[in-house]
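Undergrad: quick one: sequence and predicted model below, then my questions.
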Amino acid sequence: MHMHNDIIDPARAIRVTAANKDGEDPGNGVGVATRTRTRTKKPSLYKVLMLNDDYTPMEFVVLCLQRFFRMSIEDATRVMLHVHQKGVGVCGVFSHEVAESKATQVVDFARQQQHPLQCTIEKA
Ligand code: TYC
């Protein structure tokens, strides 16, 4: 038998309430299914940018891209070389909260190892 295992979207969920559509309780103890539409707002997206500098080792930048942006060694090397040559590059696009968190994690990790590597975020 076919089984559903969908994630419930609260904006589309059916609520079973005592009242009918006129706001009156039918009074028979039988629930009335009503559907309400809740307006949901998509989060604004932000790019995490990585900046070039003359001192951070290339392999450390590649490690950061693998660790904090879950890139393969090939993608991480490509992005690192792009930043090295152009001065700035995009590590990924995220919600504001996640973008801030990733940029902070990279800069804090670099600072711990005495590297001047910098990241910023910018509206996508
Ligand atoms: N320019 C650095 C070097 O030559 C490498 C580097 C690449 C540093 C990317 C930062 O975001 C960066 N060692």
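TA: Alright, I've got the coordinates.
Undergrad: ok, which stretches of the chain are strands?
TA: 14-17, 32-35, 45-51, 88-95, 118-123 (DSSP state E).
Undergrad: give me the average confidence score over the longest one.
TA: This means strand 88-95. Per-region confidence: strand 88-95 scores 98 on mean pLDDT.
Undergrad: shift numbering so it begins at 443
TA: OK, 443 is where the count begins now, so the last one is strand 530-537.
Undergrad: who's in contact with that strand?
TA: Contacts to strand 530-537, defined as C-beta atoms under 8 Å, 6 or more residues apart in numbering, come from residues 485-494, 507, 510-511, 521, 524-525, 541, 544, 548, 561, 566. Where C-beta positions appear, they are placed from N, C-alpha and C, glycine not excepted.
Undergrad: just the buried residues of those residues.
TA: 488-492, 494, 507, 510-511, 521, 525, 541, 544, 548, 561 (16 or more other C-beta atoms under 10 Å).
Undergrad: pretty sure residue 490 contacts residue 563?
TA: Yes - under the criterion of C-beta atoms under 8 Å, residue 490 makes contact with residue 563 at 5.6 Å.
Undergrad: between the longest helix anywhere in the chain and strand 560-565, how many degrees?
TA: Longest helix in the chain, counting residues (DSSP state H): helix 538-554. Relative orientation of helix 538-554 and strand 560-565, computed by axes from the mean of the first three to the mean of the last three C-alpha atoms, to 10 degrees: 170 degrees.
Undergrad: strand 530-537 and helix 538-554, what's the angle between them?
TA: Interaxial angle, helix 538-554 versus strand 530-537 (the same axes, to 10 degrees): 140 degrees.
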